Structures are given as structure tokens and as C-alpha cells.
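Trainee: Would you be able to build a 3D model of this:
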Amino acid sequence: MPHPIAFDDDDPLLGRVRTIALALPDATEVVAHGRPTFRCGKMFGTYGGSVKGGERHDQSVLFIPDDAERDALVDDPRFFLPAYVGVYGWLGLLLDKKTDWDEVAELLDASYRHVAPKKSLAKLPPL
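Mentor: Numbering: from 1, shown residues only. Predicted coordinates:
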């Protein structure tokens with residue numbers, strides 16, 4: 001039995017995340033477990049998530065943070081430890097009208113760089 005769809009395709013916040021994620025080389029979108037996921041070989045982002053045993057955050061983005069930034073992000077109340085993938089180092093960022101979209105782009109870029117194959121990474125400008 002498939003998971004129920006847990007997003008609205010017309011959600012403007014999803015549209016912004018989608019634009020950022022799919023601008024990365026060779027990135028694709030796949031609906032998995034009822035949510036949009038962004039991949040380049042492996043998954044580097046998900047739109048929406050929840051806290052294990054707790055609150056759903058349908059307007060959020062899940063990502064793999066840089067190790068050097070993870071502790072600072074965890075201390076920021078806009079971020080949360082998502083169910084299922086949090087134990088693997090992923091974090092979630094709550095999205096709203098005040099979201100800094102440059103920050104979202106940086107977080108998704110860093111996450112992408114963790115999983116993308118070398119041929120895709122070679123298409124990115126150097127850091």
C-alpha cells in the first residue's frame with residue numbers, strides 16, 4: 001500500500017525548494033513516502049518531515065548539513081531533528097514567509113555535495 005501524499009503541489013514554499021534543488025546538476029525529484037525528495041544518485045533533500053513520535057512539519061526541508069556547521073544549526077530553534085533520517089545526521093529547517101532562501105540554497109548545496117557523484121560535482125563551480 002503506497003504512502004498517502006503529504007504535500008500540496010501548489011505550495012509556494014515547495015515551489016521555491018523545488019527550484020533550488022532542481023537547479024543543481026543532474027538533480028531529480030521523486031515522490032517517496034508521500035513526500036517530494038530530491039536526488040542525485042542518492043537523496044540530498046526532502047520537502048516536509050516530522051519529529052519522531054511528534055509534530056509534523058509539512059513546510060520544512062530536510063538536508064544533510066556540513067559537519068562543521070551541524071552543532072550551530074542544532075542550537076537554532078528553526079532547525080529540528082527529523083524522524084527516521086535524523087539518526088543518520090540529517091536536520092530539518094522550518095520554512096515560512098521569513099525564510100532566508102539564500103540559506104536554503106546553501107544548505108541544499110552542501111547536502112548535494114555529500115551525495116552527488118564526481119561527474120555531477122564537476123559541473124558545480126568550485127567553493
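
Trainee: Can you tell me the SS state at residue 60?
Mentor: Of the three states, residue 60 takes strand under DSSP: H, G, I helix; E, B strand; the rest coil.

Trainee: so how far is residue 26 from it?
Mentor: Distance, residue 60 to residue 26, using C-beta to C-beta, to the nearest Å: 24 Å. Every residue, glycine included, has its C-beta placed from N, CA and C.

Trainee: The two: which has the busier surroundings?
Mentor: For residue 60 versus residue 26, the count of surrounding residues by other C-beta atoms under 10 Å is larger for residue 60: 24 against 14.

Trainee: residues touching that one, list them.
Mentor: Contacts for residue 60 (C-beta atoms under 8 Å, 6 or more residues apart in numbering) come out as 47-49, 80, 82, 92-95.

Trainee: Please indicate which of those residues are buried?
Mentor: Listed as buried from those are 47-49, 80, 82, 92-93, 95; burial here means 16 or more other C-beta atoms under 10 Å.

Trainee: sorry, back to before: tell me which two in the contacts of residue 60 are the farthest apart.
Mentor: Pairwise distances across the contacts of residue 60 (C-beta to C-beta) peak at 14.4 Å, for the pair 47 and 80.

Trainee: in the biggest helix by length in the chain, what's buried?
Mentor: As assigned by DSSP state H, the longest helix anywhere in the chain is helix 101-115. Buried residues in helix 101-115, defined by neighbour count with 16+ other C-beta under 10 Å: 104-105, 107-113, 115.

Trainee: same deal with stretch 119-127?
Mentor: By neighbour count with 16+ other C-beta under 10 Å, stretch 119-127 contains the buried residues residue 120.

Trainee: can you check stretch 39-59 too?
Mentor: In terms of neighbour count (16+ other C-beta under 10 Å), stretch 39-59 has its buried residues at 39-40, 43-50, 57-59.

Trainee: Cross the residues you listed against strands and list the overlap.
Mentor: Using DSSP state E, the members of the buried residues of stretch 39-59 that fall within strands are 39-40, 43-50, 57-59.
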